[in-house]
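# next one to model:
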Amino acid sequence: MSLEDIPGEHPSDGSSATRFLPRLKTLEGVSSRAGWSLSPELRRQITRRLRAIAITYCLAFVFADIVPAILFRELGERFRGLIGWGPTLGSIAAGLLVAGVASSPRLSWQIKLNLGLAFEVAGSYGIALAQYLVIPEIRNEPHILHVLSPSWVAIWMLFYSIVVPAPPGKTLVALIASASAPLVVLWSTIHAAGLADLMPLPVFLVQHALPYLICVAMAFAGTRVVYNLGTDVARARELGSYRLVERLGRGGMGEVWRASHQLLARPAAIKFIRPEALGGVNAGEARMLVKRFELEARSTASLTSAHTVDLYDFGVTDDGSFYYVMELLDGLDCDDLVRRFGAIPAARIVHLLVQVCESLDEAHAKGLIHRDVKPANIYVCRSGNRFDFAKVLDFGLVTHRSTVEAQDTRLTLPHQALGTPQFMPPEVALGKETDGRTDLYALGCVAYWLATGRPVFDGESLYEVVSKHLHASPDPPSRHAPHEVPPELDDLVLACLEKEPGRRPGTARELARRLRDIPLTDRWGDEQAEAWWAEVRLSPREATSSP
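Here you go, the predicted structure:
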């Protein structure tokens, strides 16, 4: 797909960057009848808000009724007997019950939402009973009947409907039911006290029912604003033919979201990169970054190796963030793999590195250098019926020697550190010329991490780490590895870690050949990989693309 085929607005400056505008149409999968279009992340947030508001409700009763009754004797007169304590204790118990149920992972968000609406109504009756059930002054001072509305029920209605928004129809029903609480309780209290003659029905409707009708209208208007904001956010999350569904992770460079194509049954991962994370601080640098981003995206899209992540689309959002639309990977990166499961055996290291070499070999043949090879950028996936299928991703720092060096060396911003220090080749740290052997040094660092669970060099500061890459000699991996490391693998990793590029393996293809030639006592192939994946059983939430 060319940039001209991508729906969006193209800048007038001739740049081919695409700036997408939200599509003003009903989102796929959103029912207009239900009137609900919030993302799964916001749905989970609503359950958290329900729990928080239930606890807040309980604390309000504690500080409004129980604490004053304990501290001030005259205020505790009304709490003598069950009829005085009943509404308060019952309301607190109901709030705690809702908070507990809202925390249950077994219930769907729809059930929790309906439970919350029922709690809004029940909470209103609890407040009304606590306020109106016992009114000793009403017999001696009947004029107090004219200043009892609106009560705390009105505040509760407004607070709940805005903090925990629900579909407008359900919200309106819950608000009307909540507004009935003070009217029913107050009317019953007046008649029980024999004071109905002091409050005729027309006066009651004007002085008590009307304020709550106004509160219903205000709360409903507020909830509609929140609902519309949710709809606008969902619409704004459309990028071309893709719709953001769920945030998978957040890193220093930006965020990764799960996305769905509106026409094709194909999930995707969209990675957003903030311009400031790449060093752009002014308009000139921003334009430079857009050019560099386009070059990197086009370069990545030109790679066809099965072991390179597929790039479906790319562009620039209205707020200036870059984004890639990539295939959604089912697995975990090598950094997470080792942190969670420990160093891996030599046979598995060879199995993974050979696949990575295939990706890098194609890139190097096209003049592309990754320059940020590290465990977090190598994914171990389940792909179809294959397991431990390696994918190289995030060619975000890729350089094209012929293009960048011959045409525009300014595409790398001044004073911009590229790469990850613990996996940074010496020539990158020194700003010297790079080639395919630069990536092989970083891949040697990855192999060291896989074998030992620790980086080649560590230090108290990034400068100390980079200094060691420039001057220190690494220990053989076998010295720190929990598994047996064949001498041939030891030697090959140390060869990749040579300071001088000329002493490293010449190409990724040569490195792959030497890896295959290593005599291994154990075997790691599809059967062993499938058995490992079946044993760990990663959940869909754990096995996803990362930032």
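# which SSE is immediately downstream of the helix-or-strand element of the chain with minimal mean pLDDT?
Within the chain, no helix or strand scores below helix 406-407, which has a mean of 37 by mean pLDDT, DSSP states H and E. Where DSSP states H and E defines the elements, the next helix or strand beyond helix 406-407 is helix 426-429.
# quick one: average pLDDT of that following helix?
Average pLDDT, helix 426-429: 92.
# helices or strands next to it in the packing?
Under the contact criterion of 3 or more C-beta pairs under 8 Å, 6 or more residues apart in numbering; DSSP states H and E, helix 426-429 touches helix 436-452, helix 462-471. Heads up, the C-betas are built off the backbone N, CA and C, glycines and all.
# mind listing what Ala99 touches?
51, 54-55, 58 (C-beta atoms under 8 Å, 6 or more residues apart in numbering).
# now Val184
125, 128.
# mind checking how far Val428 is from Glu535?
Counting by C-beta to C-beta, to the nearest Å, the separation of Val428 from Glu535 is 38 Å.
# nope, Leu205 is what I meant
69 Å.
# if you count surrounding residues, which of these two has more?
Here Leu205 and Glu535 are set side by side on neighbour count (other C-beta atoms under 10 Å), and the busier one is Leu205, at 12 against 7.
# so who does the nearest residue to Asp490 once chain neighbours are set aside touch?
Nearest non-adjacent residue to Asp490, counting by C-beta to C-beta, 6 or more residues apart in numbering: Pro476, 4.6 Å away. Pro476 makes contact with 485, 490, 493-494, according to C-beta under 8 Å, 6+ apart.
# among these, which lie within strands?
Applying DSSP state E to the contacts of Pro476, no entry is found in strands.
# could you work out the most separated pair of those residues?
Spatial extent of the contacts of Pro476 (C-beta to C-beta) is set by the pair Val485 and Leu494 at 11.1 Å.
# so the two - more neighbours on which side?
A count of neighbours by other C-beta under 10 Å puts Val485 above the other of Val485 and Leu494, at 22 against 18.
# so how far is Val350 from that one?
Distance from Val485 to Val350, by C-beta to C-beta: 11 Å.
# ok, Phe314 next?
For Phe314, the distance to Val350 - C-beta to C-beta - is 34 Å.
# quick revisit: hey, which of the helices and strands packed on helix 426-429 is tucked in deepest?
Sort these by mean neighbour count, taking mean count of other C-beta atoms under 10 Å, and helix 436-452 sits at the top with a mean of 26.
# list the helices and strands it packs on?
Applying 3+ C-beta pairs under 8 Å, 6+ apart, one finds that helix 436-452 makes contact with helix 334-341, helix 346-365, strand 368-369, helix 426-429, helix 487-496, helix 508-516.
# so for stretch 208-215, what's the average pLDDT?
Per-residue scores along stretch 208-215 average to 85.
# what distance separates that stretch from the centre of its chain?
41 Å (C-alpha atoms, centre = their mean, to the nearest Å).
# okay, that stretch in PDB with CA atoms only?
The C-alpha trace of stretch 208-215 is given here as PDB (Å, rounded to 0.1, in the frame of the first residue of the first chain):
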ATOM      1  CA  HIS A 208     -39.400  18.600  47.500                       C
ATOM      2  CA  ALA A 209     -40.200  16.800  44.300                       C
ATOM      3  CA  LEU A 210     -39.200  19.700  42.000                       C
ATOM      4  CA  PRO A 211     -35.600  20.100  43.300                       C
ATOM      5  CA  TYR A 212     -34.900  16.400  42.800                       C
ATOM      6  CA  LEU A 213     -36.300  16.600  39.200                       C
ATOM      7  CA  ILE A 214     -33.800  19.400  38.600                       C
ATOM      8  CA  CYS A 215     -31.000  17.200  40.200                       C
END
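# returning to that earlier point: in terms of mean pLDDT, which of the helices and strands packed on helix 426-429 ranks lowest?
Averaging pLDDT over each of those puts helix 462-471 lowest, since it has a mean of 93.
# relative to helix 436-452, how tilted is that helix?
110 degrees (axes from the mean of the first three to the mean of the last three C-alpha atoms, to 10 degrees).
# just how off-centre is helix 462-471 within its chain?
33 Å.
# and for that helix, what's in contact with it?
421-422, 424-426, 429-430, 455-459, 499.
# and the strands in this protein?
238-239, 242-250, 254-261, 267-273, 311-316, 322-327, 331-333, 368-369, 378-383, 386-392, 399-400.
# low pLDDT regions in the stretch 251-400 of the chain?
251-253, 274-287, 289, 318-320, 396-400 (pLDDT under 70).
# repeat that with 90
Scanning the stretch 251-400 of the chain for pLDDT under 90 picks out 251-302, 310-330, 366-368, 370-372, 382-386, 393-400.
# domain ranges for this protein?
40-236, 242-536 (automatic domain parsing).
# and the spatially most central residue of the chain, how close does it get to Arg266?
Nearest residue to the geometric centre of the chain (C-alpha atoms, centre = their mean): Arg247, 3.2 Å. In this view, Arg247 and Arg266 are 19 Å apart by C-beta to C-beta.
# same question, His370
26 Å.
# go on, Ser467?
Ser467 is 46 Å from Arg266, by C-beta to C-beta.
# ok, Val428 next?
With C-beta to C-beta as the criterion, Val428 and Arg266 are 36 Å apart.
# the two: who's more crowded?
Per other C-beta under 10 Å, whichever of Val428 and Arg266 has more neighbours is Val428, with 23 against 12.
# ok, the more buried one touching Thr434?
Yes: using C-beta atoms under 8 Å, Val428 is in contact with Thr434, at 6.2 Å.
# which residues do these two both contact?
Common contact partners of Val428 and Thr434 (C-beta under 8 Å, 6+ apart): Arg371.
# if we can go back for a sec, mind putting the contacts of Pro476 in a markdown table, pLDDT and distance to Ala122 included?
A markdown table is the format used below for those (pLDDT from 0 to 100; distance: C-beta to C-beta, whole Å):
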| residue | pLDDT | distance to Ala122 |
| --- | --- | --- |
| Val485 | 96 | 65 |
| Asp490 | 96 | 69 |
| Val493 | 97 | 66 |
| Leu494 | 97 | 70 |
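# which among the contacts of helix 462-471 end up buried?
Neighbour-count burial (16 or more other C-beta atoms under 10 Å) is assigned, among the contacts of helix 462-471, to 421-422, 424-426, 429, 455-457.
# TSV for these, including distance to Pro200?
Shown next, in TSV, are the buried ones among the contacts of helix 462-471 (distance: C-beta to C-beta, whole Å):
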residue	distance to Pro200
Pro421	81
Gln422	81
Met424	85
Pro425	89
Pro426	92
Ala429	88
Pro455	83
Val456	88
Phe457	87
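# which of these lies closest to Val290?
For those, the residue nearest Val290 by C-beta to C-beta is Met424; the value is 25.8 Å.
# which one of the strands of the chain lies nearest to Phe63?
strand 242-250 (36.3 Å).
# give the buried residues for the closest one.
Applying 16+ other C-beta under 10 Å to strand 242-250 flags 242-245, 247-248 as buried.
# for that strand, give the mean pLDDT please.
Per-residue scores along strand 242-250 average to 79.
# Leu489 contacts Pro477, correct?
Yes: if you go by C-beta under 8 Å, Leu489 and Pro477 touch, sitting 7.3 Å apart.
# shared neighbours of those two, anything?
Common contacts of Leu489 and Pro477 (C-beta under 8 Å, 6+ apart): 447, 451.
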